[in-house]
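Engineer: Below is the sequence, then the predicted model.
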Amino acid sequence: MPALIFDCDGVLADTERFGHLPAFNQMFAEFGVPVQWSESDYADLLKIGGGKERMRSILTPDFVASAGLPSDPDHQTEVVARWHRRKTEIYTALVSAGHLPARPGVRRITEEAHDAGWQLAVASTSAFESVHAVLTHAVGTELAGHFTLFAGDVVARKKPAPDIYQMAISQLRVDAGDGIAVEDSHNGMAAALAADLTCVVTTSSYTQEEDFSGAALVVTSLGDPGEPTEVLADPYDVEPETAVALSDLQSLMTKSHHQQGIRR
């Protein structure tokens with residue numbers, strides 16, 4: 001049974017700009033932390049996999065001293081955990097309030113895949129609660145119930161390491177050749193490819209200029225009626241028209257793994 005595996009942030013919804021960034025900044029303000037990330041700051045921080053890891057990046061010795069934060073690593077871990085819990089609460093509230101609309105084509109292609117008997121999953125290093133909230137908002141409660149979620153700190157290494165996708169492949173009991181990942185960033189794509197998955201990229205607001213060499217298809221979105229996709233790279237010539245269809249994904253899996261077999 002084939003598997004369709006989505007990343008969460010930037011794929012199911014444009015969560016980074018309208019969700020995570022304001023949630024981080026609100027949390028910093030509430031805790032009295034003298035940090036407010038700009039959009040350009042956050043674009044650079046997205047190169048770091050994981051929200052807690054991004055927060056840890058500010059904990060330089062000079063910043064820790066000036067902000068009156070603990071210098072002991074264990075206490076810093078506790079502080080970051082508190083920050084992250086509150087940030088997740090803020091973010092989840094933003095999702096529930098409808099501030100992060102689903103990206104075009106996500107619900108449509110999820111319905112197509114479910115009706116065709118495909119397995120559905122999300123593989124993300126964001127907090128489980130955040131991922132569940134975004135997924136439910138994007139596809140609805142009923143469809144969300146058919147997904148397996150791999151999220152949070154379930155693996156030691158974050159993307160671009162392949163660990164989260166390798167876990168998904170193993171627990172879904174699917175061969176990598178029968179799985180396709182939908183990502184929006186170079187790091188996510190690298191993780192999927194390293195797990196031998198075919199990868200479709202739907203570029204998001206922070207990732208449009210990244211290098212997606214190796215992706216089987218690069219589009220601006222999965223597309224919907226009235227919200228057509230734009231094809232940015234189509235190395236296997238599947239030629240989706242106004243939207244990416246499930247048949248396009250099936251064709252990509254077949255063609256990309258055939259090509260990999262030739263290269264090997």
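Structural biologist: Right, received. Where do you want to start?
Engineer: Show me how far stretch 220-233 is from its chain's centre.
Structural biologist: Remark: stretch 220-233 is offset 18 Å from the chain centroid, using C-alpha atoms, centre = their mean, to the nearest Å.
Engineer: Show the end-to-end separation of it, please.
Structural biologist: Stretch 220-233 has an end-to-end distance of 10 Å (C-alpha to C-alpha, to the nearest Å).
Engineer: which residues sit in contact with the spatially closest residue to F31 that is not a sequence neighbour?
Structural biologist: In this structure, F31 finds its nearest non-sequential neighbour in W83, 6.3 Å apart by C-beta to C-beta, 6 or more residues apart in numbering. C-beta coordinates here come from the backbone N, C-alpha and C atoms, glycine included. Residues near W83 by C-beta atoms under 8 Å, 6 or more residues apart in numbering: 27-28, 31, 33, 55.
Engineer: how close does W83 get to Q171?
Structural biologist: 30 Å (C-beta to C-beta, to the nearest Å).
Engineer: In ChimeraX, how would I select the buried members of the contacts of W83?
Structural biologist: This is how ChimeraX selects the buried members of those, with burial counted by 16 or more other C-beta atoms under 10 Å:
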select :27,28,33,55
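Engineer: now, among the contacts of W83, which is nearest to A3?
Structural biologist: Nearest to A3 among the contacts of W83 is M55, at 31.9 Å by C-beta to C-beta.
Engineer: In the chain, mark out all the helices, start to finish.
Structural biologist: Taking DSSP state H, the helices of the chain run over residues 15, 21-30, 39-45, 51-56, 61-67, 73-96, 106-115, 128-139, 141-144, 163-172, 186-194, 246-263.
Engineer: Turn those helices into JSON lines, including distance to V200 and mean pLDDT.
Structural biologist: Formatted as JSON lines, the helices of the chain follow (distance: least, C-beta to C-beta, whole Å; pLDDT from 0 to 100):
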{"stretch": "helix 15", "distance to V200": "18", "mean pLDDT": "89"}
{"stretch": "helix 21-30", "distance to V200": "25", "mean pLDDT": "97"}
{"stretch": "helix 39-45", "distance to V200": "22", "mean pLDDT": "93"}
{"stretch": "helix 51-56", "distance to V200": "24", "mean pLDDT": "94"}
{"stretch": "helix 61-67", "distance to V200": "39", "mean pLDDT": "96"}
{"stretch": "helix 73-96", "distance to V200": "24", "mean pLDDT": "94"}
{"stretch": "helix 106-115", "distance to V200": "10", "mean pLDDT": "98"}
{"stretch": "helix 128-139", "distance to V200": "16", "mean pLDDT": "92"}
{"stretch": "helix 141-144", "distance to V200": "19", "mean pLDDT": "97"}
{"stretch": "helix 163-172", "distance to V200": "14", "mean pLDDT": "97"}
{"stretch": "helix 186-194", "distance to V200": "9", "mean pLDDT": "97"}
{"stretch": "helix 246-263", "distance to V200": "7", "mean pLDDT": "80"}
